[in-house]
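Colleague: Sequence first, predicted model second:
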Amino acid sequence: MFTRDEITQIEAHGLSVAQVEQQIENFRAGFPALPVVRAAAGGDGVQQLSTEEIAEAEARYDSRRKELRTIKFVPASGAATRMFKELFEYVNDDKRTPGIDRLITNLEKLAFFAELAKYLKPQIDDKDVVRNIIIDGLGYGSKPKGLVTFHAYKEGARKPVEEHLVEAALYASNGERAAIHFTVSPEHREGFLKLLEERQSYYEQKYGIKYDVSFSEQSPATDTIAVNLDNTPFRTDDGKLLFRPAGHGALITNLDKLEADIIFVKNIDNVTTDERKPDTVTFKKVLAGELLRLQERAFELLRAFERGEDRTDEAVAFLRDELCCKLPEGASRELVIESLDRPIRVCGMVKNEGEPGGGPFWVRDDRGREQLQIAESSQIAKEDIHLMKEATHFNPVDLVCGVMRYDGTKYDLTKYTDPKTGFISQKSAGGRDLRAQELPGLWNGAMANWNTLFVEVPISTFSPVKVVQDLLRPEHQ
(Lines give C-alpha, C1' and ligand atoms only; values in the text may rest on other atoms or scores of the structure.)
Protein backbone atom coordinates (compact mmCIF):
# COMPACT_ATOMS: atom_id res chain seq x y z
CA MET A 1 0.00 0.00 0.00
CA PHE A 2 2.86 2.37 0.82
CA THR A 3 6.09 3.11 -1.02
CA ARG A 4 9.45 3.13 0.75
CA ASP A 5 9.40 6.95 0.77
CA GLU A 6 5.91 6.92 2.30
CA ILE A 7 6.98 4.50 5.01
CA THR A 8 9.83 6.89 5.81
CA GLN A 9 7.29 9.75 5.96
CA ILE A 10 5.03 7.73 8.30
CA GLU A 11 7.87 6.87 10.65
CA ALA A 12 9.17 10.44 10.63
CA HIS A 13 5.71 11.45 11.82
CA GLY A 14 6.15 9.19 14.85
CA LEU A 15 3.67 6.60 13.56
CA SER A 16 4.07 2.98 12.49
CA VAL A 17 2.73 1.43 9.29
CA ALA A 18 0.51 -0.83 11.44
CA GLN A 19 -1.04 2.22 13.15
CA VAL A 20 -1.78 3.89 9.82
CA GLU A 21 -3.24 0.66 8.42
CA GLN A 22 -5.52 0.48 11.47
CA GLN A 23 -6.61 4.07 10.84
CA ILE A 24 -7.50 3.17 7.26
CA GLU A 25 -9.42 0.14 8.51
CA ASN A 26 -11.35 2.48 10.83
CA PHE A 27 -12.40 4.48 7.77
CA ARG A 28 -13.57 1.32 6.02
CA ALA A 29 -15.38 -0.29 8.94
CA GLY A 30 -16.47 2.86 10.76
CA PHE A 31 -16.62 3.23 14.52
CA PRO A 32 -19.26 1.28 16.44
CA ALA A 33 -21.98 3.27 18.17
CA LEU A 34 -21.56 3.81 21.89
CA PRO A 35 -23.67 1.27 23.83
CA VAL A 36 -25.65 3.87 25.77
CA VAL A 37 -28.21 2.63 28.27
CA ARG A 38 -29.91 5.89 29.21
CA ALA A 39 -29.19 9.55 29.85
CA ALA A 40 -27.89 10.30 33.33
CA ALA A 41 -30.14 12.59 35.37
CA GLY A 42 -30.51 14.03 38.84
CA GLY A 43 -30.50 11.15 41.30
CA ASP A 44 -29.49 8.73 38.56
CA GLY A 45 -25.88 9.48 37.75
CA VAL A 46 -25.90 13.26 38.33
CA GLN A 47 -25.35 14.22 41.97
CA GLN A 48 -27.34 17.20 43.20
CA LEU A 49 -25.52 18.31 46.33
CA SER A 50 -27.27 19.95 49.26
CA THR A 51 -26.13 23.29 50.67
CA GLU A 52 -24.41 21.41 53.50
CA GLU A 53 -22.65 19.00 51.12
CA ILE A 54 -21.45 21.92 48.98
CA ALA A 55 -19.99 23.64 52.03
CA GLU A 56 -18.36 20.40 53.24
CA ALA A 57 -16.76 19.67 49.86
CA GLU A 58 -15.41 23.21 49.51
CA ALA A 59 -14.02 23.13 53.05
CA ARG A 60 -12.43 19.70 52.45
CA TYR A 61 -10.49 21.05 49.49
CA ASP A 62 -9.55 24.34 51.15
CA SER A 63 -8.24 22.53 54.23
CA ARG A 64 -5.79 20.57 52.07
CA ARG A 65 -4.84 23.11 49.42
CA LYS A 66 -1.41 23.91 50.87
CA GLU A 67 -0.32 20.27 50.77
CA LEU A 68 -1.70 19.43 47.33
CA ARG A 69 0.05 19.69 43.99
CA THR A 70 -2.53 21.29 41.73
CA ILE A 71 -2.40 22.37 38.12
CA LYS A 72 -4.85 23.99 35.72
CA PHE A 73 -4.93 22.36 32.27
CA VAL A 74 -6.29 24.58 29.49
CA PRO A 75 -6.70 23.26 25.92
CA ALA A 76 -5.91 26.35 23.84
CA SER A 77 -4.73 25.04 20.48
CA GLY A 78 -5.84 26.27 17.11
CA ALA A 79 -6.99 29.53 15.58
CA ALA A 80 -10.37 31.09 16.38
CA THR A 81 -11.59 30.47 12.83
CA ARG A 82 -15.04 29.16 13.81
CA MET A 83 -15.54 32.08 16.19
CA PHE A 84 -15.30 34.44 13.21
CA LYS A 85 -16.80 32.22 10.46
CA GLU A 86 -19.78 34.55 9.94
CA LEU A 87 -17.44 37.53 9.61
CA PHE A 88 -15.32 35.80 6.97
CA GLU A 89 -18.44 34.94 4.97
CA TYR A 90 -19.45 38.62 5.02
CA VAL A 91 -16.04 39.86 3.88
CA ASN A 92 -15.34 37.12 1.32
CA ASP A 93 -18.82 36.30 0.01
CA ASP A 94 -20.80 39.46 0.81
CA LYS A 95 -23.15 37.37 2.97
CA ARG A 96 -24.62 39.83 5.44
CA THR A 97 -26.63 38.20 8.23
CA PRO A 98 -28.56 39.45 11.27
CA GLY A 99 -25.49 38.43 13.25
CA ILE A 100 -23.37 40.93 11.32
CA ASP A 101 -26.01 43.62 11.90
CA ARG A 102 -25.95 42.90 15.63
CA LEU A 103 -22.16 43.04 15.70
CA ILE A 104 -21.96 46.40 13.91
CA THR A 105 -24.77 47.93 16.01
CA ASN A 106 -23.11 46.91 19.28
CA LEU A 107 -19.48 47.33 18.27
CA GLU A 108 -18.66 49.77 21.09
CA LYS A 109 -19.85 47.23 23.70
CA LEU A 110 -17.11 44.79 22.72
CA ALA A 111 -14.02 44.82 24.94
CA PHE A 112 -11.71 44.91 21.91
CA PHE A 113 -13.35 48.06 20.47
CA ALA A 114 -10.70 50.38 21.91
CA GLU A 115 -8.00 48.37 20.13
CA LEU A 116 -10.06 48.19 16.94
CA ALA A 117 -10.77 51.93 16.89
CA LYS A 118 -7.11 52.65 16.14
CA TYR A 119 -7.56 51.06 12.72
CA LEU A 120 -10.86 52.68 11.77
CA LYS A 121 -10.70 55.68 9.46
CA PRO A 122 -13.50 58.24 8.95
CA GLN A 123 -16.28 57.15 6.56
CA ILE A 124 -15.12 53.53 6.73
CA ASP A 125 -17.81 51.09 5.58
CA ASP A 126 -19.12 48.11 7.55
CA LYS A 127 -17.20 45.55 5.53
CA ASP A 128 -13.92 47.32 6.20
CA VAL A 129 -14.78 47.42 9.91
CA VAL A 130 -15.24 43.66 9.89
CA ARG A 131 -12.10 43.19 7.78
CA ASN A 132 -10.13 45.05 10.45
CA ILE A 133 -11.41 42.62 13.08
CA ILE A 134 -10.48 39.40 11.30
CA ILE A 135 -7.83 40.14 8.63
CA ASP A 136 -6.21 43.55 8.82
CA GLY A 137 -5.91 45.53 12.04
CA LEU A 138 -6.59 43.11 14.89
CA GLY A 139 -6.15 40.05 12.67
CA TYR A 140 -8.28 37.92 15.01
CA GLY A 141 -9.17 35.46 12.26
CA SER A 142 -5.69 33.95 12.43
CA LYS A 143 -5.19 34.20 16.20
CA PRO A 144 -6.20 31.67 18.87
CA LYS A 145 -9.14 32.45 21.16
CA GLY A 146 -6.76 32.83 24.08
CA LEU A 147 -5.35 36.01 22.53
CA VAL A 148 -8.66 37.69 21.64
CA THR A 149 -9.72 40.48 24.01
CA PHE A 150 -12.84 39.26 25.84
CA HIS A 151 -13.53 41.52 28.83
CA ALA A 152 -13.21 45.20 29.71
CA TYR A 153 -12.23 46.42 33.20
CA LYS A 154 -11.45 49.86 34.56
CA GLU A 155 -7.79 48.85 34.93
CA GLY A 156 -7.66 47.51 31.36
CA ALA A 157 -9.05 44.82 29.09
CA ARG A 158 -8.31 41.10 29.51
CA LYS A 159 -7.84 38.18 27.17
CA PRO A 160 -8.86 34.59 28.11
CA VAL A 161 -5.26 33.69 29.00
CA GLU A 162 -5.38 36.39 31.68
CA GLU A 163 -8.76 35.24 32.99
CA HIS A 164 -7.32 31.74 33.43
CA LEU A 165 -4.40 33.23 35.38
CA VAL A 166 -6.96 34.90 37.66
CA GLU A 167 -8.92 31.65 38.09
CA ALA A 168 -5.72 29.75 38.86
CA ALA A 169 -4.94 32.20 41.63
CA LEU A 170 -8.43 31.89 43.10
CA TYR A 171 -8.84 28.11 43.24
CA ALA A 172 -5.78 26.29 41.90
CA SER A 173 -3.01 27.77 44.04
CA ASN A 174 -1.51 26.69 47.35
CA GLY A 175 -1.37 30.29 48.51
CA GLU A 176 2.14 30.80 47.17
CA ARG A 177 2.24 29.31 43.68
CA ALA A 178 -0.25 28.46 40.95
CA ALA A 179 0.58 26.13 38.08
CA ILE A 180 -1.16 26.43 34.75
CA HIS A 181 -0.56 24.47 31.54
CA PHE A 182 -1.71 25.57 28.09
CA THR A 183 -1.77 23.30 25.04
CA VAL A 184 -0.96 25.50 22.05
CA SER A 185 -0.20 25.27 18.36
CA PRO A 186 3.46 25.89 17.48
CA GLU A 187 2.61 28.98 15.44
CA HIS A 188 0.77 30.59 18.38
CA ARG A 189 3.18 29.90 21.24
CA GLU A 190 5.11 33.13 20.71
CA GLY A 191 1.92 35.17 21.08
CA PHE A 192 1.13 33.48 24.40
CA LEU A 193 4.67 34.07 25.66
CA LYS A 194 4.56 37.73 24.66
CA LEU A 195 1.26 38.29 26.49
CA LEU A 196 2.57 36.57 29.62
CA GLU A 197 5.75 38.60 29.51
CA GLU A 198 3.62 41.74 29.50
CA ARG A 199 0.93 40.73 32.02
CA GLN A 200 2.02 37.83 34.27
CA SER A 201 3.84 39.99 36.83
CA TYR A 202 0.75 42.21 37.18
CA TYR A 203 -1.40 39.25 38.28
CA GLU A 204 1.36 37.91 40.52
CA GLN A 205 1.39 41.22 42.37
CA LYS A 206 -2.40 41.46 42.39
CA TYR A 207 -2.89 38.03 43.98
CA GLY A 208 0.37 37.71 45.91
CA ILE A 209 1.50 34.49 44.22
CA LYS A 210 3.96 33.22 41.62
CA TYR A 211 2.81 31.41 38.48
CA ASP A 212 4.40 28.30 37.00
CA VAL A 213 3.22 28.48 33.38
CA SER A 214 4.03 25.66 30.99
CA PHE A 215 3.10 24.77 27.43
CA SER A 216 2.84 21.70 25.25
CA GLU A 217 1.89 21.02 21.66
CA GLN A 218 -0.18 18.25 20.15
CA SER A 219 2.23 15.48 19.13
CA PRO A 220 2.44 14.69 15.39
CA ALA A 221 2.43 11.03 16.46
CA THR A 222 -1.26 11.45 17.31
CA ASP A 223 -2.15 12.66 13.80
CA THR A 224 -4.32 10.52 11.53
CA ILE A 225 -3.99 9.85 7.83
CA ALA A 226 -6.50 11.39 5.41
CA VAL A 227 -8.16 9.20 2.78
CA ASN A 228 -10.04 9.72 -0.46
CA LEU A 229 -13.78 9.12 -0.56
CA ASP A 230 -13.06 5.50 -1.54
CA ASN A 231 -10.89 5.11 1.60
CA THR A 232 -7.58 4.91 -0.27
CA PRO A 233 -4.75 7.07 1.12
CA PHE A 234 -5.08 10.73 0.12
CA ARG A 235 -1.96 12.03 -1.58
CA THR A 236 -1.21 15.72 -2.09
CA ASP A 237 -0.33 17.24 -5.45
CA ASP A 238 3.35 16.59 -4.73
CA GLY A 239 2.65 12.92 -4.00
CA LYS A 240 2.91 13.04 -0.21
CA LEU A 241 0.56 11.37 2.24
CA LEU A 242 -1.61 13.85 4.12
CA PHE A 243 -1.81 13.66 7.92
CA ARG A 244 -4.22 15.75 9.97
CA PRO A 245 -4.41 16.62 13.70
CA ALA A 246 -6.66 14.07 15.39
CA GLY A 247 -8.76 16.46 17.48
CA HIS A 248 -8.62 17.28 21.19
CA GLY A 249 -8.70 13.61 22.12
CA ALA A 250 -5.02 13.53 21.19
CA LEU A 251 -4.37 15.78 24.19
CA ILE A 252 -4.64 12.78 26.52
CA THR A 253 -0.90 12.31 25.88
CA ASN A 254 -0.29 15.94 26.94
CA LEU A 255 -2.39 15.46 30.07
CA ASP A 256 -0.56 12.22 30.80
CA LYS A 257 2.75 14.07 31.08
CA LEU A 258 1.47 16.17 34.00
CA GLU A 259 2.02 14.88 37.52
CA ALA A 260 -0.20 16.47 40.16
CA ASP A 261 -2.65 15.48 42.88
CA ILE A 262 -5.43 17.48 41.27
CA ILE A 263 -5.72 18.65 37.66
CA PHE A 264 -8.44 21.18 36.81
CA VAL A 265 -9.52 21.02 33.14
CA LYS A 266 -11.39 23.85 31.47
CA ASN A 267 -11.63 25.17 27.90
CA ILE A 268 -9.87 28.41 26.98
CA ASP A 269 -13.08 30.25 26.01
CA ASN A 270 -15.16 29.36 29.11
CA VAL A 271 -14.35 32.39 31.25
CA THR A 272 -16.39 35.21 32.71
CA THR A 273 -15.80 38.54 34.41
CA ASP A 274 -14.61 38.97 38.00
CA GLU A 275 -18.09 40.06 39.05
CA ARG A 276 -19.48 36.68 38.00
CA LYS A 277 -16.57 34.45 39.05
CA PRO A 278 -17.66 33.51 42.62
CA ASP A 279 -19.83 30.57 41.51
CA THR A 280 -17.03 29.28 39.28
CA VAL A 281 -14.51 29.44 42.12
CA THR A 282 -16.85 27.82 44.64
CA PHE A 283 -17.84 24.91 42.42
CA LYS A 284 -14.33 24.21 41.19
CA LYS A 285 -13.42 23.76 44.86
CA VAL A 286 -16.53 21.63 45.39
CA LEU A 287 -15.59 19.30 42.52
CA ALA A 288 -12.07 19.02 43.93
CA GLY A 289 -13.44 18.32 47.41
CA GLU A 290 -15.63 15.52 46.06
CA LEU A 291 -12.63 14.07 44.23
CA LEU A 292 -10.63 14.00 47.47
CA ARG A 293 -13.49 12.26 49.28
CA LEU A 294 -13.77 9.56 46.63
CA GLN A 295 -10.02 9.06 46.41
CA GLU A 296 -9.67 8.64 50.15
CA ARG A 297 -12.19 5.79 50.21
CA ALA A 298 -10.89 4.15 47.02
CA PHE A 299 -7.30 4.26 48.30
CA GLU A 300 -8.35 2.76 51.63
CA LEU A 301 -9.99 -0.20 49.90
CA LEU A 302 -7.09 -0.74 47.50
CA ARG A 303 -4.59 -0.79 50.36
CA ALA A 304 -6.79 -3.31 52.16
CA PHE A 305 -6.80 -5.57 49.08
CA GLU A 306 -3.00 -5.22 48.90
CA ARG A 307 -2.78 -6.44 52.51
CA GLY A 308 -4.77 -9.51 51.50
CA GLU A 309 -8.06 -8.49 53.09
CA ASP A 310 -11.27 -9.49 51.33
CA ARG A 311 -13.25 -6.24 51.03
CA THR A 312 -15.01 -7.26 47.81
CA ASP A 313 -18.57 -6.60 48.99
CA GLU A 314 -17.63 -3.14 50.34
CA ALA A 315 -15.80 -2.29 47.12
CA VAL A 316 -18.73 -3.38 44.94
CA ALA A 317 -21.10 -1.21 47.00
CA PHE A 318 -18.71 1.76 46.88
CA LEU A 319 -18.30 1.44 43.13
CA ARG A 320 -22.08 1.24 42.66
CA ASP A 321 -23.19 3.89 45.14
CA GLU A 322 -20.36 6.43 45.02
CA LEU A 323 -18.46 5.92 41.76
CA CYS A 324 -21.50 5.08 39.61
CA CYS A 325 -19.92 1.89 38.31
CA LYS A 326 -22.36 -1.02 38.39
CA LEU A 327 -20.58 -4.35 38.02
CA PRO A 328 -22.22 -7.44 36.51
CA GLU A 329 -23.70 -9.94 38.94
CA GLY A 330 -21.02 -12.19 40.39
CA ALA A 331 -18.13 -10.01 39.20
CA SER A 332 -14.74 -11.51 39.96
CA ARG A 333 -12.47 -10.07 42.64
CA GLU A 334 -10.03 -9.16 39.86
CA LEU A 335 -12.67 -7.10 38.02
CA VAL A 336 -13.65 -5.38 41.28
CA ILE A 337 -10.05 -4.35 41.99
CA GLU A 338 -9.45 -3.37 38.38
CA SER A 339 -12.60 -1.20 38.40
CA LEU A 340 -11.54 0.48 41.63
CA ASP A 341 -7.92 1.04 40.61
CA ARG A 342 -8.50 3.66 37.90
CA PRO A 343 -8.09 7.43 37.46
CA ILE A 344 -11.03 9.40 38.86
CA ARG A 345 -12.67 12.46 37.39
CA VAL A 346 -15.42 14.58 38.88
CA CYS A 347 -17.26 16.51 36.18
CA GLY A 348 -19.55 19.48 36.57
CA MET A 349 -22.83 19.21 34.63
CA VAL A 350 -25.21 22.07 33.96
CA LYS A 351 -28.93 21.93 33.25
CA ASN A 352 -29.60 21.40 29.56
CA GLU A 353 -30.64 24.72 28.01
CA GLY A 354 -30.23 23.69 24.38
CA GLU A 355 -26.51 24.37 23.92
CA PRO A 356 -24.87 22.12 21.30
CA GLY A 357 -22.52 19.44 22.58
CA GLY A 358 -22.32 16.30 24.65
CA GLY A 359 -24.06 15.15 27.78
CA PRO A 360 -23.89 12.61 30.61
CA PHE A 361 -24.92 9.02 29.87
CA TRP A 362 -24.93 5.56 31.38
CA VAL A 363 -22.96 3.25 29.07
CA ARG A 364 -22.42 -0.52 29.20
CA ASP A 365 -18.88 -1.60 28.33
CA ASP A 366 -17.60 -4.92 26.98
CA ARG A 367 -16.84 -6.12 30.53
CA GLY A 368 -20.50 -5.84 31.44
CA ARG A 369 -19.99 -2.75 33.58
CA GLU A 370 -22.59 0.00 33.52
CA GLN A 371 -20.82 3.29 34.11
CA LEU A 372 -20.87 6.98 33.31
CA GLN A 373 -19.50 8.64 30.19
CA ILE A 374 -19.78 11.94 28.39
CA ALA A 375 -21.16 11.28 24.90
CA GLU A 376 -21.66 13.35 21.75
CA SER A 377 -24.62 12.81 19.42
CA SER A 378 -22.26 11.54 16.70
CA GLN A 379 -21.33 8.60 18.97
CA ILE A 380 -24.91 7.43 19.42
CA ALA A 381 -26.79 5.08 17.08
CA LYS A 382 -29.80 6.49 15.23
CA GLU A 383 -32.16 4.22 17.13
CA ASP A 384 -30.82 5.60 20.43
CA ILE A 385 -30.63 9.28 19.48
CA HIS A 386 -33.87 9.97 21.36
CA LEU A 387 -31.82 9.47 24.54
CA MET A 388 -29.78 12.53 23.63
CA LYS A 389 -32.98 14.55 23.32
CA GLU A 390 -34.10 13.28 26.74
CA ALA A 391 -30.87 14.44 28.43
CA THR A 392 -31.57 16.82 31.31
CA HIS A 393 -27.94 17.92 31.65
CA PHE A 394 -25.16 19.18 29.41
CA ASN A 395 -21.36 18.85 29.49
CA PRO A 396 -19.71 22.27 29.97
CA VAL A 397 -16.19 20.75 30.08
CA ASP A 398 -15.65 21.36 33.78
CA LEU A 399 -13.44 18.53 35.05
CA VAL A 400 -11.31 17.85 38.09
CA CYS A 401 -9.01 14.88 37.61
CA GLY A 402 -7.19 12.55 39.98
CA VAL A 403 -4.38 10.80 38.11
CA MET A 404 -2.29 9.47 41.03
CA ARG A 405 -2.55 5.95 42.45
CA TYR A 406 -2.83 5.07 46.13
CA ASP A 407 0.88 4.11 46.20
CA GLY A 408 2.02 7.52 44.93
CA THR A 409 2.69 6.45 41.34
CA LYS A 410 0.84 7.97 38.40
CA TYR A 411 -1.65 6.19 36.18
CA ASP A 412 -0.71 5.78 32.53
CA LEU A 413 -3.71 7.65 31.13
CA THR A 414 -3.24 6.24 27.64
CA LYS A 415 -4.35 2.84 28.99
CA TYR A 416 -7.81 4.08 30.00
CA THR A 417 -9.05 5.23 26.61
CA ASP A 418 -11.59 3.49 24.36
CA PRO A 419 -9.83 3.04 20.99
CA LYS A 420 -13.12 1.86 19.46
CA THR A 421 -14.55 5.38 19.62
CA GLY A 422 -13.79 8.14 17.15
CA PHE A 423 -15.26 10.48 14.58
CA ILE A 424 -15.10 10.51 10.79
CA SER A 425 -15.89 13.67 8.85
CA GLN A 426 -15.62 14.98 5.31
CA LYS A 427 -13.10 17.77 4.65
CA SER A 428 -11.14 19.06 1.68
CA ALA A 429 -7.55 19.91 0.76
CA GLY A 430 -6.33 21.57 -2.41
CA GLY A 431 -9.90 21.69 -3.68
CA ARG A 432 -10.32 17.91 -3.38
CA ASP A 433 -12.70 16.13 -1.00
CA LEU A 434 -11.28 13.81 1.62
CA ARG A 435 -12.29 11.91 4.74
CA ALA A 436 -10.70 12.81 8.08
CA GLN A 437 -10.58 10.87 11.33
CA GLU A 438 -10.47 12.19 14.87
CA LEU A 439 -9.48 10.34 17.99
CA PRO A 440 -12.09 10.01 20.75
CA GLY A 441 -12.53 13.38 22.45
CA LEU A 442 -10.46 14.17 25.55
CA TRP A 443 -13.49 14.01 27.85
CA ASN A 444 -15.32 11.42 25.69
CA GLY A 445 -13.55 8.26 24.60
CA ALA A 446 -10.10 9.34 25.79
CA MET A 447 -11.39 9.13 29.38
CA ALA A 448 -13.95 6.38 28.77
CA ASN A 449 -12.45 3.98 31.31
CA TRP A 450 -11.98 6.40 34.19
CA ASN A 451 -14.15 6.27 37.27
CA THR A 452 -16.53 9.17 36.79
CA LEU A 453 -18.81 11.21 39.02
CA PHE A 454 -21.16 13.86 37.60
CA VAL A 455 -22.12 16.78 39.85
CA GLU A 456 -24.71 19.40 38.98
CA VAL A 457 -23.23 22.92 38.91
CA PRO A 458 -24.96 26.27 38.25
CA ILE A 459 -25.32 27.49 34.68
CA SER A 460 -23.45 30.61 35.83
CA THR A 461 -20.24 28.54 35.72
CA PHE A 462 -20.66 28.06 31.96
CA SER A 463 -20.02 31.06 29.70
CA PRO A 464 -18.32 29.89 26.49
CA VAL A 465 -17.61 32.06 23.47
CA LYS A 466 -18.37 30.03 20.35
CA VAL A 467 -19.03 33.01 18.06
CA VAL A 468 -17.88 36.60 18.46
CA GLN A 469 -21.43 37.83 19.20
CA ASP A 470 -21.35 35.76 22.42
CA LEU A 471 -19.13 38.51 23.82
CA LEU A 472 -22.27 40.67 23.93
CA ARG A 473 -23.89 38.32 26.46
CA PRO A 474 -24.21 39.66 30.02
CA GLU A 475 -21.57 37.25 31.36
CA HIS A 476 -18.95 38.96 29.17
CA GLN A 477 -19.99 42.57 29.70
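Modeller: Okay, I see it.
Colleague: from here on, contacts and neighbour counts on C-alpha atoms
Modeller: Noted.
Colleague: From the structure, what's the count of residues near Glu11?
Modeller: Look at Glu11: counted by other Cα atoms under 10 Å, it has 13 neighbours.
Colleague: I'd like to know which elements the strand or helix carrying it is packed against.
Modeller: In this structure, Glu11 sits in helix 4-12 according to DSSP states H and E. The helices and strands touching helix 4-12, judged by 3 or more Cα pairs under 8 Å, 6 or more residues apart in numbering; DSSP states H and E, are helix 17-29.
Colleague: at 7 Å instead, please
Modeller: Applying 3 or more Cα pairs under 7 Å, 6 or more residues apart in numbering; DSSP states H and E, we find helix 4-12 packed against no helix or strand.
Colleague: Can you list the buried residues in it?
Modeller: Residues Ile7, Gln9, Ile10 are the ones in helix 4-12 that count as buried (16 or more other Cα atoms under 10 Å).
Colleague: and it, how far from the chain's centre?
Modeller: Put simply, helix 4-12 sits 32 Å off its chain's centre (Cα atoms, centre = their mean, to the nearest Å).
Colleague: quick one: low-confidence ranges for the stretch 51-200 of the chain?
Modeller: Within the stretch 51-200 of the chain, the segments meeting pLDDT under 70 span 78.
Colleague: now the strands: where do they sit in it?
Modeller: For the stretch 51-200 of the chain, the strands defined by DSSP state E, counting those that start in this stretch occupy 70-75, 177-183.
Colleague: out of those strands, which comes closest to His393?
Modeller: Closest approach to His393 among these is made by strand 70-75 (22.6 Å; Cα to Cα).
Colleague: What strands flank the closest one, and is each parallel or antiparallel?
Modeller: strand 177-183 (parallel), strand 262-266 (parallel) (DSSP bridges).
Colleague: can you list the domain ranges for the protein.
Modeller: 4-68+217-476, 82-142 (automatic domain parsing).
Colleague: can you redo these as CSV with distance to Gly156?
Modeller: Formatted as CSV, those follow (distance: least, Cα to Cα, whole Å):
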stretch, distance to Gly156
domain 4-68+217-476, 12
domain 82-142, 9
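Colleague: Need the winner for burial among those domains.
Modeller: Highest mean neighbour count of these: domain 4-68+217-476, a mean of 18 (counted as mean count of other Cα atoms under 10 Å).
Colleague: How far does that domain stretch from one end to the other?
Modeller: 54 Å (Cα to Cα, to the nearest Å).
Colleague: again with stretch 463-477
Modeller: From start residue to end residue, stretch 463-477 stretches across 12 Å - Cα to Cα.
Colleague: same deal with stretch 114-134?
Modeller: Stretch 114-134: ends 15 Å apart by Cα to Cα.
Colleague: residues contacting Ile252?
Modeller: Leu413, Thr414, Leu442, Ala446 (Cα atoms under 7 Å, 6 or more residues apart in numbering).
Colleague: and which of the residues you listed is nearest Glu338?
Modeller: Closest to Glu338, out of all of these and judged by Cα to Cα, is Leu413, at 14.4 Å.
Colleague: how far away is that closest one from Leu327?
Modeller: For Leu413 relative to Leu327 (Cα to Cα), the value is 22 Å.
Colleague: Quick check: nearest residue in space to Arg320, chain neighbours excluded?
Modeller: Excluding its sequence neighbours, the residue lying closest to Arg320 (Cα to Cα, 6 or more residues apart in numbering) is Lys326, at 4.8 Å.
Colleague: thinking again about what came up before, quick one: closest of the domains of the chain to His181.
Modeller: Of all these, domain 4-68+217-476 comes closest under Cα to Cα, at 8.9 Å.
Colleague: Let me see the backbone angles for the residue nearest to Arg320.
Modeller: phi -100, psi 110 (degrees, to the nearest 10).
Colleague: contacting residues for it?
Modeller: Taking Cα under 7 Å, 6+ apart, one finds Leu319, Arg320, Arg369, Glu370, Gln371 in contact with Lys326.
Colleague: What pLDDT does the model give it?
Modeller: Lys326 carries a pLDDT value of 97.
Colleague: looking at it, Gly359 is touching Thr392, isn't it?
Modeller: No - in this structure, Gly359 is not within contact of Thr392 by Cα atoms under 7 Å, at 8.5 Å.
Colleague: what about the helices in the stretch 251-400 of the chain?
Modeller: 252-256, 278-306, 312-321, 333-340, 385-389 (DSSP state H, counting those that start in this stretch).
Colleague: Any chance of JSON lines for those helices, columns distance to Tyr119?
Modeller: Shown next, in JSON lines, are those (distance: least, Cα to Cα, whole Å):
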{"stretch": "helix 252-256", "distance to Tyr119": "39"}
{"stretch": "helix 278-306", "distance to Tyr119": "36"}
{"stretch": "helix 312-321", "distance to Tyr119": "59"}
{"stretch": "helix 333-340", "distance to Tyr119": "58"}
{"stretch": "helix 385-389", "distance to Tyr119": "46"}
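Colleague: Go through the ones you listed and find the least confident stretch.
Modeller: helix 385-389 (a mean of 79).
Colleague: Residues in contact with that one: which ones?
Modeller: Residues contacting helix 385-389 (Cα under 7 Å, 6+ apart): Arg38, Ala39, Ser377.
Colleague: need the contact list for the second one.
Modeller: Going back to what we said before, that points to Ala39. Pro360, Phe361, Trp362, Leu387, Met388, Glu390, Ala391.
Colleague: who's in contact with the second one?
Modeller: Looking back up the chat, that one is Phe361. When contacts are taken as Cα under 7 Å, 6+ apart, Phe361 is in contact with Val36, Arg38, Ala39, Ala40, Leu372, Gln373, Ile374, Ala375.
Colleague: swap in the last one?
Modeller: Contacts were defined as Cα under 7 Å, 6+ apart; by that measure Ala391 touches Ala39, Gly359.
Colleague: got the strands of the stretch 51-200 of the chain as a markdown table, with distance to Gly208 columns?
Modeller: A markdown table is the format used below for those (distance: least, Cα to Cα, whole Å):
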| stretch | distance to Gly208 |
| --- | --- |
| strand 70-75 | 17 |
| strand 177-183 | 9 |
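Colleague: Out of those, flag the one nearest Val286.
Modeller: The nearest among the strands of the stretch 51-200 of the chain, by Cα to Cα, is strand 70-75 at 14.5 Å.
Colleague: So what touches that closest one?
Modeller: 168, 172-173, 179-183, 260-268.
Colleague: Pull out the buried residues from that strand.
Modeller: Those would be Thr70, Ile71, Lys72, Phe73, Val74, Pro75, for strand 70-75 by 16+ other Cα under 10 Å.
Colleague: and those as a markdown table, adding distance to Asn26?
Modeller: Formatted as a markdown table, the buried residues of strand 70-75 follow (distance: Cα to Cα, whole Å):
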| residue | distance to Asn26 |
| --- | --- |
| Thr70 | 37 |
| Ile71 | 35 |
| Lys72 | 34 |
| Phe73 | 30 |
| Val74 | 29 |
| Pro75 | 26 |
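Colleague: coming back round to it: nearest to Arg342 among the contacts of Lys326?
Modeller: Out of these, the member with the shortest distance to Arg342 (by Cα to Cα) is Leu319, at 11.3 Å.
Colleague: what's the closest of the helices of the stretch 251-400 of the chain to Ala57?
Modeller: It's helix 278-306; of those, that one is closest to Ala57 (Cα to Cα) at 4.3 Å.
Colleague: for the closest one, packing partners?
Modeller: Partner elements for helix 278-306 (3+ Cα pairs under 7 Å, 6+ apart): helix 51-64, helix 160-171.
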